[in-house]
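A.B. asks: Got a sequence here, can you model it:
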Amino acid sequence: MAFDKEPSGYEKTVLSDLQGTWQNLRDTVVEHAGFTGWERVLLHIDEGMSWEAVRNLRYMNKCLLLVRNILAQGDVPDEVALWVEEVSRVLDETLQALGKGEIN
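C.D. replies: Residues are numbered from 1 along each chain as shown. Predicted structure coming up:
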């Protein structure tokens, strides 16, 4: 029985950019912990970064919407708001790439 080999090099894709922006958002929320809803936001960020969400980007979009709704209820640090917008931008870009068949 033959085994598949792990690739020795990886191509940077919009999916890796998306993963990075979610991680930067998470790190920024932790760095500015203490604002209203920050703990709930972390839960939904982790959900948005989960394998289930990566395999279903529309589900990831719902997680991002929950994050936005929670953050809209309080006074959010500017850095957190900036990363939410960046995740949204890269997610939109990823969904467009998916629609064009550039990723599967």
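A.B. asks: Could you list the buried residues of the helix or strand bottoming out on mean pLDDT in the chain?
C.D. replies: Ranking every helix and strand in the chain by mean pLDDT, DSSP states H and E puts helix 51-55 at the bottom, with a mean of 87. By 16 or more other Cβ atoms under 10 Å, the buried positions in helix 51-55 come out as 53-54. Placement of C-beta: from N, CA and C, glycine included.
A.B. asks: Please export the C-alpha coordinates of it as PDB.
C.D. replies: What follows is helix 51-55 as a C-alpha-only set of coordinates in PDB (Å, rounded to 0.1, in the frame of the first residue of the first chain):
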ATOM      1  CA  TRP A  51     -11.900  23.200  10.600                       C
ATOM      2  CA  GLU A  52     -15.700  23.100  10.200                       C
ATOM      3  CA  ALA A  53     -15.700  26.800   9.300                       C
ATOM      4  CA  VAL A  54     -12.700  26.500   7.000                       C
ATOM      5  CA  ARG A  55     -14.600  23.700   5.100                       C
END
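A.B. asks: roughly how far is it from the heart of the chain?
C.D. replies: Going by Cα atoms, centre = their mean, to the nearest Å, the spacing between the C-alpha centre of helix 51-55 and its chain's C-alpha centre is 10 Å.
A.B. asks: so what does it touch, helix or strand wise?
C.D. replies: On a contact count with 3 or more Cβ pairs under 8 Å, 6 or more residues apart in numbering; DSSP states H and E, helix 51-55 meets helix 57-71.
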